[in-house]
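**Student:** Output the structure for:
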Amino acid sequence: MKSFYISPASITPLRLLKWVAIGFVFWIGFLILSPFSHYLPPDFDYGFLSNKADYFYRSGYFIGFYLHIAGAPIGLFIGGLQMSRTLRMQYPRVHRIAGGVYVIAVLFAAAPGGFIMSMKAFGGWSTTLCFGILAAATWWSTYIGWRAGRGGDFQQHRIWMLRSYVLLLSAVFLRLGHFALRTIGLTPELTYQFAAWISWVIPLIVLEFALGIYSLPAQRRGDRSS
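**Tutor:** Coordinates of the predicted model:
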């Protein structure tokens, strides 16, 4: 029977930093989940739903809302676990099953729900455009990553699923960015607009930069062997 034991020598600073970051994401995720008692049934006098009573049911917003809050937390937590190299290498069947749950949660709930919600996003056309693009990009990157995995192209599978998860993490970065931007004295609407765009554009740029750096040694090895 396989063991999850990890020797102290294998715990590198980079690996430790990765798990600290994932732990932080999980903690923020639990904070995001904490108001769920106000969502079922919807409490229009509390927090996120406080200004949505007029159109919550009439516009169909409730469909996107409940799809999103059902799928996004599942994707957030499972996606974090999928970052485990031990899980991928020693327990590939568990990795595949968890990945399947992640794909279903994103493609059929989190991303389409987010797209519906974007139509009524606070902040006007800027945040509607922002969250609409985010939802579409999250859906597409997840789908391409799933297709690559099914086709056996595991390098592209890894790259696209990393993009998918970074885009899904926008829920975490949005709250952190909004908290930080509130201190500089912008109007609430402008603060939210900036936080919305920053929540996924900057993390995606950082990821693409990291992927570019990571690919350079492999390219150089290929050049030397040719």
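**Student:** For residue 155, which three-state class applies?
**Tutor:** Under DSSP: H, G, I helix; E, B strand; the rest coil, the three-state class of residue 155 is helix.
**Student:** Burial check on it, number of neighbours?
**Tutor:** For residue 155, the neighbour count with other CB atoms under 10 Å is 10. (Each C-beta comes from the backbone N, C-alpha and C, glycine too.)
**Student:** I figured residue 138 was touching residue 171, is that so?
**Tutor:** No - counting by CB atoms under 8 Å, residue 138 stays clear of residue 171, with 10.5 Å between them.
**Student:** More neighbours: which of the two?
**Tutor:** More neighbours surround residue 138 than the other of residue 138 and residue 171, with 27 against 22 (other CB under 10 Å).
**Student:** In three-state terms, label the more buried one for me.
**Tutor:** The local conformation at residue 138, judged by three-state DSSP, is helix.
**Student:** ok, and the closest non-adjacent residue to it?
**Tutor:** Leaving aside its sequence neighbours, residue 138 sits nearest to residue 167 (CB to CB, 6 or more residues apart in numbering; 4.3 Å).
**Student:** Tell me the spacing between residue 124 and residue 101.
**Tutor:** Distance of residue 124 to residue 101, computed by CB to CB, to the nearest Å: 35 Å.
**Student:** thinking again about what came up before, and the residue nearest to residue 138, what does it touch?
**Tutor:** By CB atoms under 8 Å, 6 or more residues apart in numbering, the contact set of residue 167 is 134, 137-138, 141, 200, 204.
**Student:** Could you look up the SS state of it?
**Tutor:** Assigned by three-state DSSP, the conformation of residue 167 is helix.
**Student:** Relative to residue 25, how far out is it?
**Tutor:** Distance from residue 167 to residue 25, by CB to CB: 14 Å.
**Student:** again, but for residue 91
**Tutor:** Applying CB to CB to residue 91 and residue 25 gives a distance of 21 Å.
**Student:** Those two: which has the busier surroundings?
**Tutor:** The residue with more neighbours, out of residue 91 and residue 25, is residue 25; 20 against 15, by other CB under 10 Å.
**Student:** Which element, helix or strand, includes the more buried one?
**Tutor:** Element membership for residue 25, per DSSP states H and E: helix 13-33.
**Student:** Kindly report the same for residue 173.
**Tutor:** Assigned by DSSP H and E, residue 173 falls in helix 170-181.
**Student:** Identify the residues contacting that helix?
**Tutor:** Here helix 170-181 has contacts from 25, 28-29, 31-32, 72, 76, 134, 191-192, 194-196, 198-200, 202-203, using CB under 8 Å, 6+ apart.
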